[in-house]
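Chemist: Take this sequence and fold it.
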Amino acid sequence: MNLLSPYLPHLAVIGAAGKMGRGIAWLLLKLILYSPKSHKITLLLIDIQDSAFNDLKIYLLNQLKKDFNKNITAYEKAFNLSNNIDGLEKKVIQQTKNILNFSTDYDKLNNKKIIFEAIPEIPQIKINVLSDISKIIPQEAIIYSNTSSIPIHFLENHTQLKGRIIGFHFYNPPPVQPLVELIISKNNTPQSLQVAEYFLKCLGKTKVTSNDIAGFIGNGHFIREGLFALNKVEASMHKKSHNKKHTSSSETFLRINQVYEQYLLRPMGIFQLIDYVGLDIFKSITDVMSDNIKGESFHSNLLDDLIKNTNPGGQTPDGNQKDGIFKYRKRDIIAVYDMTKKTYINLNQLPVLKKSNHQLTWKTFKTSNAPQAHLQNHFKSIKMSHHSNLISECLNKSNSIANTLLKNNVASHQGDIDTVLKMGFHHLYGPFEIDHI
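Modeler: Numbering: from 1, shown residues only. Here you go, the predicted structure:
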C-alpha cells in the first residue's frame, strides 16, 4: 500500500449513486477500511442529487455487514481489536461513517488526486462534467474513467485533461466482477500508469489492457454480437417459412436467445444480456462506435423500434431485471415482446427449445471438475441438432468478431480477448479456443 499512501487521502467518485459508481465506492471504502493507517481519511462521493445518497448509504452499509461477517479476521487486524465481535462491528460502522463524505458540490474536488468517474455512457454528459471539474481539480490529479466504449483520446480532445485520464472499465457489478479493462492514452505518464496498475492490484482485480478504440475489447465483441442477433430477428420477420407464414419476432427472439444460453452455454442468452445492460445503454454504445469507427455499420432499425415501443430493460435497485425484449418475474423470463402485435406474448404460447437428456447447462460446466472434456462432448452432441446451422453461425460470428478486434488493433493478443470474454462475460471458452474443443 506504500505506493498508494499519498493518494488514499485524496479519493473521490463522481456518479457514486449509480449502478457502477456505488460498486466502485464500496471497493474503495473496503480498501481504506482494510488499511489501518488510512482510517483518518475521507472518501468523497459525489452525485447530482442529495436524494440519491439515501439508497447509496443503505447499499454501502449492507455491503459492509456482508463483508464483515465473511472477513472478521481482516477487520480485527485492521482495527487491532479481537475477541469482541459486537464491539468491533460497532467500531467499523462508526469508522465507515467518518470516512464517507457525500456531496453534490464539484468544488469539493479541489484537493482530490484520484477521481473515479462513473457517470452515464453518453459522450456529451461526460465531456460536460469532465470540463467542469478540470477547472477545479489539482494539476496532478488523475481521472479514472469507467468508460466502456468512449475512447480516452476523445475525452482528452474535448476537455482540458490531456494525459490526465485513464480508462478504468470495471465490469458490472464492480465488487463481484474480477476484470478491469485498462485503456491507456499515449499522453499518460509512466508514473500515473504505475499507480493505476498498483490500484488494480490492491483492489484484487485482473487487468487486461485494451487499445484506445471505441468499444474496447468487451463491448467491441458484445455490441457486434448483439447486432448480429438483432439482424437475425429482423431478417426472419421478412422471411416466409415452409408453411408460408411469417415467423413471429417473439418466436425468433426466444429461439436465438435459447441457442446462446443452452447450446453456446452462456450465463444468459444474448437478448437477455441486452436487457440486463439496458436497450438505451446498448444503443448509446452503438452510437459511440458508429461515430468513431468508420467503414462498419452499428445501426439496427429493430433496436430503434424496440426502444420506441417497449421497455428499456436494466435492473431495479434490488437487482431484479426490468422488462425489455423479455418480460420478467424477478430474473425469470415469462414473456417475449412481439414486434407485430406490439405486446408481450406469454412463454407458454411459444415453442421452447427442448433440451436433450444429456445436455448440461452453463452452471453445470462452470462447476465441473473436467470442463474441457464436457465441452468437447457437448459440441459433438449438438452437431446432430436441428439447430446446428444456427449454432455454427453464432460461433463463427464470435470468431469473426474476435478477428476484427485483432485486425483493428483493439486487442494486441488473442489471449486478451479470451480473457475478457471469460472473466468479464463469464463465457466458458473464448472465440479462439473453440477450435480446440
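Chemist: where in the chain is pLDDT low?
Modeler: Applying pLDDT under 70 to the chain flags residues 1, 38-39, 240-246, 354-359, 384, 435-437.
Chemist: For stretch 61-71, give me every contacting residue.
Modeler: Identification of contacts with stretch 61-71 by Cβ atoms under 8 Å, 6 or more residues apart in numbering yields 26, 29, 30, 33, 75, 89, 92, 93, 96, 175. Any C-beta I mention is one placed from the backbone N, CA and C, and that applies to glycine too.
Chemist: Report the buried residues of that stretch.
Modeler: For stretch 61-71, burial by neighbour count (16 or more other Cβ atoms under 10 Å) applies to 63, 64, 67, 68.
Chemist: how far does the helix or strand where the first one lies sit from the chain's center?
Modeler: For residue 63, the enclosing helix or strand under DSSP states H and E is helix 52-70. Between the mean C-alpha point of helix 52-70 and the mean C-alpha point of its chain there is a distance of 21 Å (Cα atoms, centre = their mean, to the nearest Å).
Chemist: Stretch 314-334 too?
Modeler: 17 Å.
Chemist: Alpha carbons of it, in PDB - could you do that?
Modeler: Output of stretch 314-334 as PDB, limited to C-alpha atoms (Å, rounded to 0.1, in the frame of the first residue of the first chain):
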ATOM      1  CA  GLY A 314     -31.900  -2.500 -16.800                       C
ATOM      2  CA  GLN A 315     -32.200  -3.500 -13.200                       C
ATOM      3  CA  THR A 316     -34.200  -2.400 -10.200                       C
ATOM      4  CA  PRO A 317     -32.300  -1.200  -7.100                       C
ATOM      5  CA  ASP A 318     -32.700  -4.700  -5.500                       C
ATOM      6  CA  GLY A 319     -31.100  -6.400  -8.500                       C
ATOM      7  CA  ASN A 320     -34.200  -7.700 -10.300                       C
ATOM      8  CA  GLN A 321     -34.500  -7.400 -14.000                       C
ATOM      9  CA  LYS A 322     -36.600  -4.800 -15.600                       C
ATOM     10  CA  ASP A 323     -38.700  -5.600 -18.700                       C
ATOM     11  CA  GLY A 324     -37.100  -5.100 -22.100                       C
ATOM     12  CA  ILE A 325     -37.200  -7.500 -25.000                       C
ATOM     13  CA  PHE A 326     -38.400 -10.000 -22.400                       C
ATOM     14  CA  LYS A 327     -40.900  -9.600 -19.600                       C
ATOM     15  CA  TYR A 328     -39.500 -10.800 -16.300                       C
ATOM     16  CA  ARG A 329     -40.700 -12.100 -12.900                       C
ATOM     17  CA  LYS A 330     -37.700 -11.200 -10.800                       C
ATOM     18  CA  ARG A 331     -35.000 -12.600 -13.100                       C
ATOM     19  CA  ASP A 332     -37.000 -15.300 -14.900                       C
ATOM     20  CA  ILE A 333     -38.300 -14.700 -18.400                       C
ATOM     21  CA  ILE A 334     -42.100 -15.100 -18.500                       C
END
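Chemist: what comes up buried for it?
Modeler: Neighbour counts over stretch 314-334 (16+ other Cβ under 10 Å) mark 314, 315, 321, 323, 324, 325, 326, 327, 328, 333 as buried.
Chemist: In strands only, show me those.
Modeler: Mapping the buried residues of stretch 314-334 onto strands (DSSP state E) picks out 326, 327, 328, 333.
Chemist: Please parse the chain into its domains.
Modeler: Using automatic domain parsing, the domains assigned to the chain come out as 8-210, 218-436.
Chemist: what would the contacts of stretch 61-71 look like in a markdown table with secondary structure, neighbour count and distance to residue 376?
Modeler: Formatted as a markdown table, the contacts of stretch 61-71 follow (DSSP: H, G, I helix; E, B strand; the rest coil; neighbours: other Cβ atoms under 10 Å; distance: Cβ to Cβ, whole Å):
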| residue | secondary structure | neighbour count | distance to residue 376 |
| --- | --- | --- | --- |
| 26 | helix | 22 | 40 |
| 29 | helix | 21 | 44 |
| 30 | helix | 20 | 40 |
| 33 | helix | 23 | 45 |
| 75 | helix | 21 | 45 |
| 89 | helix | 16 | 49 |
| 92 | helix | 21 | 48 |
| 93 | helix | 14 | 51 |
| 96 | helix | 20 | 49 |
| 175 | coil | 17 | 34 |
